[in-house]
Every structure is written in structure tokens, then in C-alpha cells.
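Q: Fold the following and give me the result.
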Amino acid sequence: MSIPNLTNPLTIDKFIQLYDEQIDDDSDDIIESIIHTYSQVEDVEEESLPQDLEKEVEIISHSDAIQALKSLKLYELQQDQGERLNILALERFERLVGQRMDATKTQTTINRYFHK
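A: This next block holds a predicted model:
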């Protein structure tokens with residue numbers, strides 16, 4: 001059997017036992033080499049860190065999340081091939097964010113309300 005465009009193919013015996021690639025290492029040398037390779041800790045200076053890692057991620061408010069979900073739902077409704085399942089998923093997530101927003105609200109007394 002001949003493979004086109006393949007010059008000087010190896011026999012199976014030569015492929016399995018390549019004499020040019022034999023490595024003669026003691027087991028101690030192999031262990032030391034592995035330890036040396038994987039135990040190197042790179043010293044990373046703060047100056048070399050990318051600017052994106054140094055910035056904190058802005059916390060998104062519940063109302064901003066709900067507004068974004070409404071925009072996504074409107075986008076999906078306007079599409080010719082809009083998926084009803086996507087709209088339902090967005091509405092479900094919108095309700096979830098609304099529940100989270102309600103859970104974070106606290107009741108206050110009338111005196112505190114007017115003394116803000």
C-alpha cells in the first residue's frame with residue numbers, strides 16, 4: 001500500500017523504535033529535571049501585570065441588570081428569527097433579579113425616611 005506524496009516512509013519497526021530519539025537518563029536525572037521544570041515560580045512584578053487585572057470589576061445594580069434584560073428581550077422580539085425560548089428565559093431571569101432586588105430592600109421607619 002502506497003500513500004501519495006509521502007517520501008521515505010518508515011517501517012513499523014523503525015517507527016516504534018526510533019534509535020535517533022533514544023534517551024539515556026538515570027531515574028534520578030529524570031526526577032530532578034521534572035522537579036526543576038515544574039517547581040519554577042515566576043516572579044511577577046506588579047508593574048508587569050496587565051492593566052485589566054489591576055482594575056476592579058464594577059458591581060452592577062439590580063435595576064441596571066433588569067434594564068439590560070429588558071433590552072435583550074426587546075432585541076430578541078425584534079428579530080425575524082427570534083426564539084420564543086430565549087424570550088421566556090430572559091423573562092424568567094428578569095423575575096429572578098426582581099426577587100433578588102426585593103430581598104435586599106429593608107423597611108425603615110417614617111422618621112428615618114424623612115431624616116435622610
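
Q: pLDDT value on L85, please?
A: If you check L85, the pLDDT there is 91.

Q: how far away is it from F93?
A: 13 Å (C-beta to C-beta, to the nearest Å). (Each C-beta comes from the backbone N, C-alpha and C, glycine too.)

Q: neighbour count winner among those two?
A: A direct count of neighbours by other C-beta atoms under 10 Å for L85 and F93 places F93 higher, at 15 against 9.

Q: ok, which stretches of this protein are helices?
A: Per DSSP state H, the chain carries helices over the ranges 12-16, 27-38, 51-54, 62-78, 84-104, 110-114.

Q: Now do the contacts for the residue lying closest to E83 once chain neighbours are set aside.
A: Sequence neighbours aside, E76 is the residue nearest to E83 in space, at 6.9 Å (criterion: C-beta to C-beta, 6 or more residues apart in numbering). Counting by C-beta atoms under 8 Å, 6 or more residues apart in numbering, E76 touches G82, E83, N86, I87, L90.

Q: what's the answer for L85, then?
A: Counting by C-beta under 8 Å, 6+ apart, L85 has no contacts.

Q: separation between it and E76?
A: Distance from L85 to E76, by C-beta to C-beta: 10 Å.

Q: do I110 as well
A: Taking C-beta to C-beta as the measure, I110 falls 43 Å from E76.

Q: Ok, D29 next?
A: 61 Å.

Q: Repeat that for I12.
A: Using C-beta to C-beta, I12 is found at 57 Å from E76.
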